[in-house]
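>>> Fold the stuff below for me.
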Amino acid sequence: MASADPDPEDLKRTPLHDLHVALGGRMVGFAGYAMPVQFAGIIAEHAHTRSDAGLFDVSHMGQARVTGAGAAEALEALVPGDIAGLAPGRMRYTQLTNEAGGIVDDLMVTRTGDGFLLVVNAARKAVDFALLGPALADRGCVLERLPDRALIALQGPRAAEALAPLAPGAAD
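Numbering: from 1, shown residues only. Presented below is the predicted three-dimensional model:
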């Protein structure tokens with residue numbers, strides 16, 4: 001038997017929720033959040049993103065900050081990616097692994113001036129953070145979850161061009 005759609009009142013809201021509603025976004029439940037599935041029409045939006053650039057609210061994904069001496073090495077004990085070699089402001093896509101080396105999830109790691117920012121998948125964030133928090137703490141680092149932050153993704157072949165006026169050097 002199929003389950004009923006979640007009650008909209010039971011869904012979490014991203015920091016951009018009110019803007020989506022004001023702009024006429026058709027809101028649906030996704031990973032426990034009320035998310036916009038379309039504005040002008042799903043086919044038109046898909047075609048625009050494939051040929052130009054589209055902006056997406058991905059605030060439902062898990063975000064966290066990792067700080068502490070040896071944070072790069074601590075993260076490298078949990079992911080196969082080269083974290084120590086990341087330059088400030090650069091991001092690496094990698095995988096979170098378990099003690100046996102099996103893949104738990106994929107994630108993104110960005111080096112900041114004072115540590116690292118992590119982005120994990122929405123549906124797995126509780127599992128990922130439950131694994132990351134203690135493992136990093138054992139290595140003298142702190143995992144600070146950032147549940148109230150907005151996060152947007154600019155995607156498409158002209159994404160760097162669209163971002164360039166706001167973030168010089170984005171194309172690099």
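>>> in this structure, which spans are strands?
12-13, 26-30, 33-38, 54-57, 62-67, 91-97, 103-112, 115-120, 142-145, 152-155 (DSSP state E).
>>> Longest helix in this structure, please.
Counting by DSSP state H, the longest helix found in the chain is helix 125-137.
>>> can you list contacts of that helix?
By CB atoms under 8 Å, 6 or more residues apart in numbering, the list of residues contacting helix 125-137 from outside reads 61-62, 64, 66, 68, 71, 74-75, 77-78, 96, 98, 104-105, 107, 118, 120-121, 142-143, 145. Glycine gets a C-beta too; all of them are placed from N, C-alpha and C.
>>> And the residue nearest the centre of the chain?
Compute the mean C-alpha point of the chain, and by CA atoms, centre = their mean the closest residue is residue 119, 3.8 Å away.
>>> Not counting sequence-adjacent ones, nearest residue to it?
Spatially, and ignoring its direct neighbours in sequence, residue 119 is nearest to residue 108 (4.4 Å; CB to CB, 6 or more residues apart in numbering).
>>> Could I get the pLDDT score of the one you found?
At residue 108, the predicted lDDT confidence score is 98.
>>> number of nearby residues for it?
16 (other CB atoms under 10 Å).
>>> That one and residue 118 touch, don't they?
Yes. Using CB atoms under 8 Å, residue 108 makes contact with residue 118 at a distance of 7.0 Å.
>>> Quickly note the distance from residue 58 to residue 155.
Here residue 58 is placed at a distance of 10 Å from residue 155 (CB to CB, to the nearest Å).
>>> Low-confidence ranges, the chain, go.
1-8 (pLDDT under 70).
>>> related to what we said a few turns ago, now restrict the contacts of helix 125-137 to buried residues only.
If you count burial by 16 or more other CB atoms under 10 Å, the buried members of those come out as 61-62, 64, 66, 68, 71, 74-75, 78, 96, 104-105, 107, 118, 120-121, 143.
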